[in-house]
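Undergrad: Any chance you could fold what I've pasted below:
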Amino acid sequence: MQNNILIRNKETKVYRQRFLIFGVFSIFFFLGSLFSSAQVTTEIDTTKIRIGEQINYKIKVEADTLSLVVFPEGQTFMPLEAVEALKIDTTKRDSRYLLSRIYKLTQFDSGVYTIPRQKIIIDEKPFFTDSLNVAVNTVVIDTTKQKLYDIKPIIEVEKSKSNWWKWLLIALFAIALVAFLLYWFIWRKKPLTKEEEIALLPPYDRAKLALEKLDESQYLVRSEVKEYYSELTFIIRKYLDEKVYDRALESTTAELIARLNLLKDGNQIPLSKETILHIESILQRADLVKFAKSAPDVELAKMDKTTIDKAIDNVRVSLPEPSEEEKLLDQKYKEEQERKKKRKKVWITVAISIFLIVATFVGFGVKYGFGYVKDTIIGHESKELLEGDWVESAYGFPPVWIETPKVLKRVDTKIPDEAKEKLSMTTFAYGTLLDVFSVVINTTTLKVPKQQGAEPQESDKPTFDLYKVSEESIKGFEAKGASNISVKREKFTTPNGAEGLKTFGTLSLKMPNTEYGVDAKYELLCFANENVLQQIIITFPKNDDYAKDMVQRITDSIELKPDEVEEDQN
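TA: So this is what the prediction gives:
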């Protein structure tokens, strides 16, 4: 009996030892599987820096290849400031991934600071790093060895050169070309042609010159008697038309002779009867030659030319000299003719100038649009901003990279005393709400540190509610005098992937010292992470196409994670 009891006790001891060994191995296997599923470690290159120097804070995660790992984003390292977060580095080790990411941290005030524990999510499970202390020391300056200098003055940056002078030269060249053409073809005193010089001669001199040219002609040599008599009768008729009877060119021979006899009988022209008979005889002979009823010989034709020459001399002698009044009237007539010519040139110049201006306006209007051409000539504030030299810069911290038509200037923001210990705010702006077109960037950073020793919960709410921030901003518009505000909201994503809330709509702005309002539009873009709120507020005229293009260009340029970070990583 005692032997049986001893055997049973030994068996019981053996079973207990085996169960204990199995339990220990089970715990080891469980812990091994737990730690092998994911492991988080941190590294820091130094725990002591000088003001403004940077710390490389590295988080390393070892996880399965199918695990989803989320690293910290934004200003989660407060009170230290995250300057930039480098790209995640991935290394494959057997069937697992080793992920690492470096955060560059800094601080501009001396003291001892604690980097709070960071939250890493692996497959929807939170993991936390250890907190670390960092000492920020001041920079000691030995004034006995280091010289001190005055602060250098602000250096004005030269604006980028524009090509306005090229357009000015082109405009001046076009004006000079038009002026030259107008002068050359209209205003220039052109040299007189031979026919114009003859036309300016007195009637007697023209008639005598015409007879000389008739002698030099080859009509009689070529037996062209008809042409000879036609030219001869035209000379005498032209002279009589200008000096005696102003219808001599269109009258028949009988009518002309009858008129000359009537003027002679009335003592209006002292022509002899013999001279009138000679003229009648030559004109009748010319009529017969014209209708081929007679063909006088060459000698007779020469005699008729001599007779006409003498008749012209007799008419000239018989006509009285013009009186002073007639000469004065003739001078006034010539001056009036000159004035008419000058007036005609002025009207032609004005007409051509107006035509060129209208044609240029229509041509550019067809190509670029008539509204655009009108605004270019008259001027438009929004158009000048749109086509000016834009500025790309970063504002606030963390930086908001944006491109604007003008540089945004820092604006002092009034913060209530009770809120100064909890948050800080920086504001940069161009224009105000009363300027209709304005751009404002506001960055709000919470100063409240995380409670040491308290475990962050997965269900923690975000620090900023973008919907409530939007509502407060609309109330701010109303406080500044805006009315009739319409509100629409939608998700907004920047070109480099940062997500936020876009609030937009229309509003009416009352201008100072007037009873009238201006219809405008607004766009409010809000972005937030755990500690930082970034707002971009744009207002612009409602019916202004240039302002719409500016707003589109501005919103397309917004970056909350600049590309320079990726370049530094590479």
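
Undergrad: Identify the residue nearest the geometric centre of the protein.
TA: Central residue of the chain (C-alpha atoms, centre = their mean): E387, 2.6 Å from the mean position.

Undergrad: what about it, distance to P405?
TA: 9 Å (C-beta to C-beta, to the nearest Å). For the C-beta atoms, the positions are set from N, CA and C on the backbone; glycine is no exception.

Undergrad: Can you list phi and psi of the residue nearest to the centre of the chain for me?
TA: For E387, the backbone dihedrals are phi -100, psi 0 (criterion: degrees, to the nearest 10).

Undergrad: And the pLDDT at it?
TA: On pLDDT, E387 comes in at 80.

Undergrad: now S36
TA: Looking at S36, its pLDDT stands at 42.

Undergrad: Could you look up the SS state of A176?
TA: Secondary structure state of A176, per DSSP: H, G, I helix; E, B strand; the rest coil, is helix.

Undergrad: what's the neighbour count on it?
TA: Burial measure for A176: 10 neighbouring residues, criterion other C-beta atoms under 10 Å.

Undergrad: K345: neighbour count?
TA: Close neighbours of K345, defined as other C-beta under 10 Å, add up to 13.

Undergrad: So it belongs to a helix, correct?
TA: Yes. According to three-state DSSP, K345 belongs to a helix.

Undergrad: Confirm for me that it is in contact with R188.
TA: No. Contact criterion C-beta atoms under 8 Å: K345 and R188 do not qualify, at 10.2 Å.

Undergrad: now the strands: where do they sit in the stretch 351-500 of the chain?
TA: Here the stretch 351-500 of the chain has its strands, by DSSP state E, counting those that start in this stretch, at 391-395, 400-404, 409-411, 423-430, 438-446, 488-493, 499-510.

Undergrad: With mean pLDDT and distance to K125 as added columns, please give the ones you listed in TSV.
TA: Supplementary listing: the strands of the stretch 351-500 of the chain in TSV, determined by pLDDT from 0 to 100; distance: least, C-beta to C-beta, whole Å:
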stretch	mean pLDDT	distance to K125
strand 391-395	87	36
strand 400-404	90	33
strand 409-411	87	44
strand 423-430	87	32
strand 438-446	88	27
strand 488-493	90	28
strand 499-510	88	24
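
Undergrad: where does the stretch 151-300 of the chain dip in pLDDT?
TA: 151-152, 154-164, 192, 196, 293 (pLDDT under 70).

Undergrad: tell me the contacts of I235?
TA: 207, 210-211, 214, 308, 312 (C-beta atoms under 8 Å, 6 or more residues apart in numbering).

Undergrad: Among those residues, which pair sits farthest apart?
TA: L214 and I312 (12.4 Å; C-beta to C-beta).

Undergrad: buried residues in stretch 211-221?
TA: Buried residues in stretch 211-221, counted by 16 or more other C-beta atoms under 10 Å: 211, 214, 219-220.

Undergrad: ok, so of those, who is nearest E227?
TA: Y219 (5.1 Å).

Undergrad: what about the residue nearest to that closest one when sequence neighbours are not counted, neighbour count?
TA: Nearest residue to Y219, sequence neighbours excluded (C-beta to C-beta, 6 or more residues apart in numbering): Y228, at 3.9 Å. Counted with other C-beta under 10 Å, the neighbours of Y228 add up to 24.

Undergrad: same thing with Q534?
TA: 24.

Undergrad: Now do the same for it: its pLDDT.
TA: Model confidence at Q534, given as pLDDT, is 90.

Undergrad: Does anything pack onto the helix or strand that contains it? Which helices or strands?
TA: If you go by DSSP states H and E, Q534 is part of strand 532-541. Contacts defined by 3 or more C-beta pairs under 8 Å, 6 or more residues apart in numbering; DSSP states H and E place strand 532-541 against strand 400-404, strand 438-446, helix 466-479, strand 499-510, strand 517-528, helix 545-557.

Undergrad: on that earlier part again, can you tell me which of the contacts of I235 lies closest to T41?
TA: A210 (121.2 Å).

Undergrad: Name all residues that make contact with that closest one.
TA: A210 sits next to 231, 235, 238 when contact means C-beta under 8 Å, 6+ apart.

Undergrad: Helix or strand: which one has it?
TA: Applying DSSP H and E as the criterion places A210 in helix 203-216.

Undergrad: In contact with M550, which residues?
TA: M550 touches 382, 385-386, 405, 437, 540, counting by C-beta under 8 Å, 6+ apart.

Undergrad: mind putting the residues you listed in a markdown table, neighbour count and distance to I282 included?
TA: Output for these, formatted as a markdown table (neighbours: other C-beta atoms under 10 Å; distance: C-beta to C-beta, whole Å):
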| residue | neighbour count | distance to I282 |
| --- | --- | --- |
| S382 | 20 | 85 |
| L385 | 18 | 87 |
| L386 | 18 | 85 |
| P405 | 19 | 90 |
| F437 | 21 | 92 |
| F540 | 21 | 92 |
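
Undergrad: which one of those is nearest T360?
TA: Ranked by distance to T360 (C-beta to C-beta), the contacts of M550 are led by L386 at 22.9 Å.

Undergrad: Give me the neighbour count for the nearest residue to the closest one once chain neighbours are set aside.
TA: Among residues not flanking L386 along the chain, Y546 sits closest, at 4.8 Å (C-beta to C-beta, 6+ apart). Other residues near Y546 come to 21 when the count uses other C-beta under 10 Å.

Undergrad: The helix holding A210: what's the following helix or strand?
TA: Following helix 203-216 in sequence, per DSSP H and E, is helix 225-243.

Undergrad: quick one: buried residues of whatever helix or strand comes next after that next one?
TA: With elements assigned by DSSP H and E, the helix or strand that comes after helix 225-243 is helix 253-265. By 16+ other C-beta under 10 Å, the buried positions in helix 253-265 come out as 253, 256-257, 259-260, 263-264.

Undergrad: now stretch 297-309
TA: Quick answer for stretch 297-309 (16+ other C-beta under 10 Å): 301, 304-305, 307-309.

Undergrad: Hmm, L385 and the residue nearest to L386 touching each other?
TA: Yes. Contact status for Y546 versus L385: in contact at 7.5 Å, counting by C-beta under 8 Å.

Undergrad: So what's the model's average confidence on stretch 316-335?
TA: Here the average pLDDT along stretch 316-335 is 69.

Undergrad: Now do the end-to-end distance for it.
TA: Stretch 316-335 has an end-to-end distance of 26 Å (criterion: C-alpha to C-alpha, to the nearest Å).

Undergrad: so can I have CSV of the buried residues of stretch 211-221 showing distance to L182?
TA: Formatted as CSV, the buried residues of stretch 211-221 follow (distance: C-beta to C-beta, whole Å):
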residue, distance to L182
L211, 42
L214, 42
Y219, 45
L220, 49
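
Undergrad: would you turn the strands of the stretch 351-500 of the chain into JSON lines with mean neighbour count and distance to S473?
TA: Below are the strands of the stretch 351-500 of the chain laid out as JSON lines (neighbours: other C-beta atoms under 10 Å; distance: least, C-beta to C-beta, whole Å):
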{"stretch": "strand 391-395", "mean neighbour count": "14", "distance to S473": "18"}
{"stretch": "strand 400-404", "mean neighbour count": "20", "distance to S473": "16"}
{"stretch": "strand 409-411", "mean neighbour count": "11", "distance to S473": "16"}
{"stretch": "strand 423-430", "mean neighbour count": "17", "distance to S473": "13"}
{"stretch": "strand 438-446", "mean neighbour count": "20", "distance to S473": "9"}
{"stretch": "strand 488-493", "mean neighbour count": "12", "distance to S473": "12"}
{"stretch": "strand 499-510", "mean neighbour count": "17", "distance to S473": "7"}
